[in-house]
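Trainee: any chance you can model this:
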Amino acid sequence: DDPAKKEIAMQLVSSAENSSLDWKAQYQYIEDIDDGRGYTAGIIGFCSGTGDMLDLVQLYTDREPGNVLARYLPALRDVNGTDSHDGLDPDFPDDWRRAAQDPAFRQAQNDERDRVYFDPAVRQGKTDGLGVLGQFTYYDAIVMHGDGEDLTSFRNIRKRALRSAKPPAQGGGEVAYLNAFLDARVWAMKQEEAHSDTSRVDTAQRVFLREGNLNLDPPLDWKVYGDGYHIG
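Mentor: Take a look at the predicted model:
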């Protein structure tokens, strides 16, 4: 939660989610990536099929009644849990991009990212005695998998890791535990075709771990989907 480290975390996730380090350009991003979650959009990949996009638009509307997305709230409630676009097409993507010009909508995205993903990941990482890299591995996992009850959710990835290694807070070694966590993460990713490319672990997080860079100190060099990235 150090601002400089948080900025690095945002860039790392953006390299995997959007093939760009410019995460602030992603407020307006929206497309259906055919992963069964409907529309994926914004700085963290809020999805129309998983409830977090509904929560975001509700927060924005609570703060800015009458905004351009408010009229889609009934449709977002109806499509939650599905990949349907019913009630959203054809105008929702264009209206999302219009909303992204509003500072209030960008702030709502930031706030929901922190509430649902970033803050819980950092909190659990600190509880487990992990440093910055470990906290980031938690964050990246919760961004992709959510923290529900299914076997591939963040909490169950963590439980799977705990079966083979203890985190520092329980007397274990940090590197050994993070390797166990990343093993469990790779297993979870391979359960779903849309997430089966594990390079965001193999050629990014594992690289930092092998280098012993547990504090995510720059310079950082990594690859995702074969593309190379650098933070100086």
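Trainee: host element of the spatially most central residue of the chain?
Mentor: Most central in the chain under Cα atoms, centre = their mean is residue 143, positioned 2.2 Å from the mean C-alpha point. Taking DSSP states H and E as the definition, residue 143 sits inside helix 132-145.
Trainee: ok, now how distant is the closest residue to the residue nearest to the centre of the chain other than its chain neighbours from residue 71?
Mentor: Closest residue in space to residue 143, ignoring its immediate chain neighbours: residue 117 at 5.4 Å, by Cβ to Cβ, 6 or more residues apart in numbering. Quick note: C-beta positions are derived from backbone N, CA and C, even for glycine. Distance from residue 117 to residue 71, counting by Cβ to Cβ, to the nearest Å: 27 Å.
Trainee: in terms of neighbours, single out the busier of these two.
Mentor: Remark: of residue 117 and residue 71, residue 117 carries more neighbours, 24 against 15, as counted by other Cβ atoms under 10 Å.
Trainee: is it true that that one touches residue 144?
Mentor: No: the criterion here is Cβ atoms under 8 Å, and residue 117 misses it with residue 144 at 9.9 Å.
Trainee: picking up where we left off before, pLDDT score for the residue nearest to the centre of the chain?
Mentor: With respect to pLDDT, residue 143 scores 93.
Trainee: before we move on, what about residue 17?
Mentor: 88.
Trainee: my read: it touches residue 47, true?
Mentor: No: under the criterion of Cβ under 8 Å, residue 17 makes no contact with residue 47, lying 11.9 Å away.
Trainee: about what we covered before: wait, the residue nearest to the centre of the chain sits on residue 45?
Mentor: Yes: the criterion here is Cβ under 8 Å, and residue 143 meets it with residue 45 at 6.8 Å.
Trainee: if I look at the closest residue to residue 144 other than its chain neighbours, how far off is residue 188?
Mentor: Closest residue to residue 144 apart from its sequence neighbours, by Cβ to Cβ, 6+ apart: residue 195 at 6.4 Å. Using Cβ to Cβ, one gets 8 Å for the distance from residue 195 to residue 188.
Trainee: looking at those two now, which is surrounded by more residues?
Mentor: residue 188 (22 against 17).
Trainee: show me what contacts that one?
Mentor: Listed by Cβ atoms under 8 Å, 6 or more residues apart in numbering, the contact set of residue 188 reads 141, 145, 151-152, 156-157, 160, 195.
Trainee: and if you look at residue 214?
Mentor: Counting by Cβ under 8 Å, 6+ apart, residue 214 has contacts 131-134, 174-175, 208.
Trainee: scan the residues you listed and report the most crowded one.
Mentor: That'd be residue 134 among those, by other Cβ under 10 Å, with 27 neighbours.
Trainee: that one and residue 208: what is the separation?
Mentor: 10 Å.
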